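J.: Structure for this input, please:
(one chain, ligands or ions: 1)
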Amino acid sequence: MAIASNPKKIDEVRKEADRLNSAARTADQLMESITLLLNKEMLKYNWVGFYMLEPGTEPPVLVLGHYQGAMTPHTRIPLNQGICGAAASSGKTVVVDDVNNDPRYLACSLETKSEIVVPVFMRGKVVGELDIDSHFPAAFGTDDRELVEYCAQLVGKRLEKDSSVAK
Ligand code: SME
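T.: Numbering: from 1, shown residues only. This is a model prediction of the structure:
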């Protein structure tokens with residue numbers, strides 16, 4: 001059974017993500033602080049991490065970036081594997097209420113019951129994703145999905161900004 005996240009908490013965390021975005025000097029710093037924020041404040045978000053597409057690698061591969069939670073054996077994921085691969089290749093958020101019933105699932109921890117993966121876009125192209133695992137089944141409702149998509153968008157916009165400054 002799903003346990004809904006408190007909407008007030010979601011709103012507070014969204015505002016804190018905005019503050020972290022203002023405080024971060026780079027997209028990389030923002031990604032690190034978002035993993036810390038979501039893992040600390042959202043009690044059902046037991047593993048929070050970014051996978052980013054490795055530039056220039058063919059076929060494309062997602063590489064583990066900043067994360068909070070248990071070590072994972074999946075540090076490099078091709079686009080045809082896992083829930084992570086499905087989200088990056090489709091460019092769509094994937095929510096899995098029961099990972100043990102999804103044949104795509106690549107196990108990270110035996111405790112994981114549900115997962116959400118949200119693509120990060122830079123100028124309309126997928127460049128990575130924000131992946132969250134929960135020890136609770138069906139942990140990601142509509143409000144959670146909106147929060148995670150909001151955080152992924154902040155990172156995408158920040159990557160765009162960083163790359164235009166670098167030029
Ligand atoms: N479960 C993911 C792999 C990454 S770990 O959850 C950290 C997947 O199925 O793609």
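J.: quick one: contacts for the nearest residue to residue 163 once chain neighbours are set aside?
T.: For residue 163, ignoring the flanking residues on the chain, the nearest one in space by C-beta to C-beta, 6 or more residues apart in numbering is residue 122 at 7.3 Å. The way it works is simple: take the backbone N, C-alpha and C, and place the C-beta from them, glycine included. Taking C-beta atoms under 8 Å, 6 or more residues apart in numbering, we find residue 122 in contact with 156, 159, 160, 163.
J.: so where does residue 32 fall, helix or strand?
T.: Following DSSP states H and E, one finds residue 32 within helix 27-41.
J.: cool, and residue 49?
T.: strand 47-53.
J.: quick one, that strand and helix 27-41 angle?
T.: Interaxial angle of strand 47-53 relative to helix 27-41 (axes from the mean of the first three to the mean of the last three C-alpha atoms, to 10 degrees): 160 degrees.
J.: coming back round to it: could you check how far the residue nearest to residue 163 is from the ligand?
T.: 21 Å (C-beta to the nearest ligand atom, to the nearest Å).
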